[in-house]
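# Return atomic coordinates for the entry below.
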Amino acid sequence: MKLLGIGDNVVDYYRDQGLMYPGGNALNVAVAARRGGAAGCGYLGIVGDDAAAAHVVDCLGREGIDASRLRRAYGPNGEAVVALTPDGDRTFAGTNRGIRVQSRLTLRLTQDDLDYIDGFDVVHTSVNSDTEHELPRMARRPVSFDFSTPQRWDADYLRRVCPYLTYAFFSGSGLTAGDIRSLIEDVHRLGVPVVGVTRGAEPAVFSENGAVFEQRPAPAEIVDTMGAGDSFIGAFLAAYHDSRDMRGALARAAEAAAATCGTYGAFGYGKSK
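Have a look, this model is predicted:
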């Protein structure tokens, strides 16, 4: 399978290390899918013209991610300031949201972009990507969407986004079993065949047209949890989309997430700022 990430990218700046790492959900998932065995992956988004943007683009090349449709703009790339807790959990201590190019510009797909999208099997985007206006046109291919935590969505947002999706992913560490069951049922009713809820150290809950599967986390030496959920999604899509083997895909996704927890950044490449 081939996967295209559309939308967000940032550098995650680890203040205590003085290092910046490439990141952003749409970008991370493309990298994770490529590492997970996808035949080809691409990334389409907006980058700035500073050192952070150059680092992001360089890392895409190193990972074999096609960036031929990238938009380059004058201004600073997106940056998130990250702090780590003693047990390796990451917390966000600030962003440059007010000045970054991704906040000042809107991604608009051209006909050339749509022709490019047709060369992929799955398109992945997220609640962080500001691409909701393009979902009807992205849906020419199966669309995967990461809704992140419950603070980022509500029932109206689900009704607006879900009809265009094949895959819907949620971060549900704070949700009860009943909350998860209700969420999955609601998202299925809105037309999404595959719904996944990751829960950090607790088993992930996935549903394939109502058939429910759980996946325990793989053993991990936790250094940094940044990007673990994105790795889970990318590896899952790379394994599942062609095979439709839910149990096998979930096992591979758990292993990928565990590996990510053992390194700094979403997929490495720390560089001095």
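# least trustworthy helix or strand in this structure by mean pLDDT?
Using mean pLDDT, DSSP states H and E, strand 90-95 stands out as the lowest-scoring helix or strand of the chain, at a mean of 82.
# ok, and what's touching that one?
With C-beta atoms under 8 Å, 6 or more residues apart in numbering as the test, strand 90-95 has contacts from 10, 15, 78-85, 224-226. (C-beta placed from N, C-alpha, C; glycine too.)
# rerun that using 10 Å as the cut-off
10, 12-15, 78-85, 103, 224-228, 264-266 (C-beta atoms under 10 Å, 6 or more residues apart in numbering).
# Go through it and flag the buried ones.
By neighbour count with 16 or more other C-beta atoms under 10 Å, strand 90-95 contains the buried residues Arg90.
# In its sheet, which strands sit next to it, and in what direction?
Applying DSSP bridges, strand 90-95 is found paired with strand 79-84 (antiparallel).
# Tell me how far Gln151 lies from Phe170.
Counting by C-beta to C-beta, to the nearest Å, the gap from Gln151 to Phe170 is 12 Å.
# swap in Ala52?
Using C-beta to C-beta, we find Ala52 at a distance of 29 Å from Phe170.
# quick one: terminal-to-terminal distance for stretch 29-42?
End-to-end span of stretch 29-42 (C-alpha to C-alpha, to the nearest Å): 10 Å.
# in that stretch, what counts as buried?
By 16+ other C-beta under 10 Å, the buried positions in stretch 29-42 come out as Val29, Ala30, Val31, Ala32, Ala33, Arg34, Arg35, Gly36, Ala38, Gly40, Cys41, Gly42.
# Just give me the closest of those to Leu250.
Of all the buried residues of stretch 29-42, Gly36 has the smallest distance to Leu250: 12.4 Å, by C-beta to C-beta.
# residues contacting the closest one?
Counting by C-beta under 10 Å, 6+ apart, Gly36 has contacts 1, 3, 29, 231-239, 249, 252-253, 255-256.
# Could I get the phi/psi values of Val11?
phi -110, psi 140 (degrees, to the nearest 10).
# What segments of the stretch 51-200 of the chain are strands?
Secondary structure of the stretch 51-200 of the chain, counting by DSSP state E, counting those that start in this stretch: strands at 65-66, 71-72, 79-84, 90-95, 122-126, 143-146, 167-171, 194-199.
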